[in-house]
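structure here, sequence nowhere to be found:
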């Protein structure tokens, strides 16, 4: 399949948030990338699964129980979408992703962030949250909601120590036009199908349809030998001391509070409607 990845002539580069230009932050980001590349080489030698863009599901037996209940997960995602207007854009949670997510084109309903369950969000998707608890060393999990016609530009993930899984939930009828490229492998999402990939390989996403796409996306630690695991844990602990961790964590709490308020208002409206005295 040949893909035209050239952006429209009218497309303008998104404006970088001012606080991302701080000298210390820029220094950490620039040198952090160099460190990540060196670490990735070692992690490849420590991996217990193939170091390929996509990795066969047979290496991850914990995926099958999730796949088996994909319709239940989809039903919970549909409940979440009732609060669509209160679900934040990806860049609202992680400002460093401003090049990838614009406006409300890529929304993320996060159930687990940085290894911790978001209790308010999990209440809207209880079975999904329960199933995710069986994923070893789960880092992040979310409903990823992509607007019609949106393209996520080519980019790479931060660390080879983490792998990513997608399972299709609400997929456009013309599914072949809704797809992800990881390195030179292109995959169209399908309802109930699950796959794993290494997001340190260049990847990009297209939704060339007039329908919304919703998937369950979750990240977990790559199975590695002892020193690989040790290095990965050390790296993630260092990351937790930086703004690249602290900003999203603070924004997650704010987003969860906003959603909790929206749920409360909806409940109060339902009670008012059912009150015969009203």
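Happy to help now that I have it. Please read all numbers here as calculations on a predicted model, not as lab measurements. Residues are numbered from 1 along each chain as shown.

state the number of residues packed around residue 86.
18 (other C-beta atoms under 10 Å). Where C-beta positions appear, they are placed from N, C-alpha and C, glycine not excepted.

ok, now residue 73?
Neighbour count for residue 73, taken as other C-beta under 10 Å: 22.

quick check: which element contains the nearest residue to it once chain neighbours are set aside?
Nearest non-adjacent residue to residue 73, counting by C-beta to C-beta, 6 or more residues apart in numbering: residue 128, 4.9 Å away. Using DSSP states H and E, residue 128 falls within helix 126-132.

need the residues that contact the helix or strand just after that helix.
Next helix or strand after helix 126-132 toward the C-terminus (DSSP H and E): strand 138-146. Residues outside strand 138-146 that contact it (C-beta atoms under 8 Å, 6 or more residues apart in numbering): 77, 80-81, 84, 87, 105-115, 125, 128, 132, 135, 152, 162, 166, 169, 178, 205, 207, 212-221.

please enumerate the helices of the stretch 101-250 of the chain.
Per DSSP state H, counting those that start in this stretch, the stretch 101-250 of the chain carries helices over the ranges 119-124, 126-132, 226-239, 243-274.

least confident of those, on average?
For the helices of the stretch 101-250 of the chain, mean pLDDT drops lowest on helix 243-274, to a mean of 66.

give me the beta-bridge partners of residue 168?
Judged by DSSP bridges, the bridge partners of residue 168 are residue 191, residue 215.

I'd say residue 101 and residue 151 touch.
No - contact criterion C-beta atoms under 8 Å: residue 101 and residue 151 do not qualify, at 11.2 Å.

so the two - more neighbours on which side?
More crowded of residue 101 and residue 151, by other C-beta under 10 Å: residue 101, with 22 against 17.

could you check the pLDDT of that one?
With respect to pLDDT, residue 101 scores 77.

please apply the same query to residue 171.
pLDDT for residue 171: 98.

and residue 109, what does it touch?
77, 80, 87, 121, 124-125, 142-143, 145.

and if we set it to 10 Å?
Residue 109 sits next to 77, 80-81, 83-84, 86-88, 118, 121, 124-125, 141-145, 214, 216, 255, 259 when contact means C-beta atoms under 10 Å, 6 or more residues apart in numbering.

go on, residue 59?
Contacts of residue 59 by C-beta under 10 Å, 6+ apart are 48-50, 163, 196, 223.

quick one: which of the residues you listed is nearest to residue 242?
The closest of the contacts of residue 59 to residue 242 turns out to be residue 163 (C-beta to C-beta; 22.1 Å).

can you count the residues close to residue 68?
By other C-beta under 10 Å, the residues close to residue 68 number 11.

test my guess that it contacts residue 62.
No - judged on C-beta atoms under 10 Å, residue 68 makes no contact with residue 62 at a distance of 11.5 Å.

top of the contacts of residue 59 by number of neighbours, please.
Result: residue 163 is most packed of the contacts of residue 59 (other C-beta under 10 Å), 23 neighbours.

and the pLDDT for it?
98.

let me see the contact set for it.
Contacts of residue 163 by C-beta under 10 Å, 6+ apart are 47, 49, 55, 59-60, 139, 157, 196-200, 218-223.

next: residue 228.
39, 42-48, 160-161, 221-222.
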